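Colleague: coordinates only, sequence not included:
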């Protein structure tokens with residue numbers, strides 16, 4: 001069956017990982033926070049029916065991950081990674097949901113950008129700083145950013161398109177816990193030994209809730225800069 005016909009047969013916006021047997025992932029993402037490219041293709045996007053068929057498609061270079069052709073069927077797909085399928089011009093972004101990783105179909109214009117959270121930084125020679133991003137990237141830059149901020153980068157060239165500060169009023173995505181997948185506005189940031197964030201869910205008049213700083217990722221200012229669901 002052609003991929004275009006399969007897409008029509010499983011034309012859901014959000015693809016949950018149903019899993020048959022797991023193909024262990026490898027790469028920059030932690031294994032318990034990622035799935036292999038083959039599992040994404042076969043069990044979530046559902047464009048291959050068997051391990052063998054999916055592996056052959058990947059080895060032929062029919063999938064693009066974060067703007068680059070990927071031929072490793074065990075390559076780990078994690079939060080915010082983008083899978084693009086050139087033959088049918090369809091793209092998906094990996095997101096965290098309540099029951100684990102999901103793939104969300106995104107507009108073509110979003111397939112060329114990605115949001116990355118800064119999880120660490122180190123001063124190096126020449127007055128520059130090496131920033132460590134959540135997806136394993138390391139970027140050496142002149143600009144001064146803070147841990148917890150997010151960068152919107154172009155793919156595959158890694159040009160910084162926008163800087164999203166970890167600041168009150170900005171929009172976050174909850175990445176871990178019972179509220180995983182929820183977007184919210186930061187109401188207050190509590191300093192202290194364990195920094196926590198108080199938020200209000202988007203589009204609701206409900207009460208505030210809190211989460212540790214490492215449970216959230218800045219994804220926009222007044223609203224998410226990307227498709228999140």
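Modeller: Perfect, thanks for sending it. Here the structure is a predicted model, which is why all the values come from computation and not from measurement.
Colleague: just after the helix or strand residue 187 falls within, pick out the following helix or strand.
Modeller: Using DSSP states H and E, residue 187 sits within strand 183-190. With elements assigned by DSSP H and E, the helix or strand that comes after strand 183-190 is strand 196-201.
Colleague: helices and strands around that following strand, which ones?
Modeller: Judged by 3 or more Cβ pairs under 8 Å, 6 or more residues apart in numbering; DSSP states H and E, strand 196-201 is in contact with strand 183-190, strand 209-212. For every residue, glycine as well, the C-beta is placed using N, CA and C.
Colleague: which one of the ones you listed has the lowest average pLDDT?
Modeller: Note on the helices and strands packed on strand 196-201: strand 209-212 shows the lowest mean pLDDT, a mean of 87.
Colleague: need the residues that contact it.
Modeller: 174, 176-177, 179, 184, 190, 194-201 (Cβ atoms under 8 Å, 6 or more residues apart in numbering).
Colleague: before we move on, the earlier item: just checking, what packs against the strand holding residue 187?
Modeller: If you count contacts as 3+ Cβ pairs under 8 Å, 6+ apart, strand 183-190 packs onto strand 171-174, strand 196-201.
Colleague: quick one, which of the ones you listed is nearest to residue 86?
Modeller: Of all the helices and strands packed on strand 183-190, strand 171-174 sits nearest to residue 86, with 27.4 Å by Cβ to Cβ.
Colleague: surely residue 213 meets residue 191?
Modeller: No: judged on Cβ atoms under 8 Å, residue 213 makes no contact with residue 191 at a distance of 10.3 Å.
Colleague: so which residue is smack in the middle of the protein?
Modeller: Geometric centre of the chain, nearest residue: residue 80, 1.0 Å, by Cα atoms, centre = their mean.
Colleague: can you give me the pLDDT of residue 206?
Modeller: 58.
Colleague: kindly report the same for residue 8.
Modeller: 55.
Colleague: what does residue 21 give?
Modeller: pLDDT, residue 21: 53.
Colleague: show me the two of the contacts of strand 209-212 that sit farthest apart.
Modeller: Longest span within those, Cβ to Cβ: 194 and 201, 22.1 Å.
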